[in-house]
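Undergrad: Can you look at this prediction? I've put the sequence above it.
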Amino acid sequence: MCNFQTRWLARGKGTLALLALFLVPVLFAQNAAKVTALDPTMGKVNDTVTITGENLGKDNVVGVFLSDDKDDFKATLVDQAANKIIMKVPQTKAGGYNISIQVKDRILILPLKFSVTE
């Protein structure tokens, strides 16, 4: 093999590895759950709340929680589709909570706030 062919093959392998390095996270990110809205943003225990977004179906999101700095309170899911989840506010004390979603075995605490009222 001549020197030119050797350099081209080495570059080709490097380019392929580099391309794979950038494409793999993009491919996985395309299926990542994304929450875009919460309605309403306050309510009482057992009220229904709608979470809207992308990739929220049962094959991706397995749970929703209200989370404070100490605990995660699991909500009952009333309805679930790819673009929305309807949940019931779990039994917890009044106060401010973050919405968290469980994707597979990870709990992701979102920057969305929900206030439980009495």
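TA: Nice, I can see it.

Undergrad: can we go C-alpha only for contacts and neighbour counts from here?
TA: Noted.

Undergrad: quick one: the most centrally placed residue in the chain and residue 110, what's the gap?
TA: For the chain, the residue sitting closest to the mean C-alpha position, by C-alpha atoms, centre = their mean, is residue 33 at 3.6 Å. Using C-alpha to C-alpha, to the nearest Å, one gets 11 Å for the distance from residue 33 to residue 110.

Undergrad: likewise residue 71?
TA: For residue 71, the distance to residue 110 - C-alpha to C-alpha - is 14 Å.

Undergrad: So between these two, which is more surrounded?
TA: residue 110 (14 against 10; other C-alpha atoms under 10 Å).

Undergrad: what pLDDT does that one get?
TA: On pLDDT, residue 110 comes in at 90.

Undergrad: cool, residue 63 as well?
TA: Confidence score, pLDDT, at residue 63: 97.

Undergrad: secondary structure element for it?
TA: strand 61-67 (DSSP states H and E).

Undergrad: what about dumping the CA coordinates of that strand to CSV?
TA: Extracted in CSV, the C-alpha atoms of strand 61-67 (Å, rounded to 0.1, in the frame of the first residue of the first chain):
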residue,chain,number,x,y,z
VAL,A,61,-41.5,7.8,31.4
VAL,A,62,-42.3,5.3,34.2
GLY,A,63,-43.2,7.7,37.0
VAL,A,64,-43.8,11.3,38.0
PHE,A,65,-43.0,12.8,41.4
LEU,A,66,-43.3,16.0,43.4
SER,A,67,-39.9,16.5,44.9
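
Undergrad: so what secondary structure elements neighbour the next helix or strand after that strand?
TA: Tracing the chain past strand 61-67, the next element assigned as helix or strand by DSSP H and E is strand 72-74. For strand 72-74, the packing partners by 3 or more C-alpha pairs under 8 Å, 6 or more residues apart in numbering; DSSP states H and E come out as strand 61-67.
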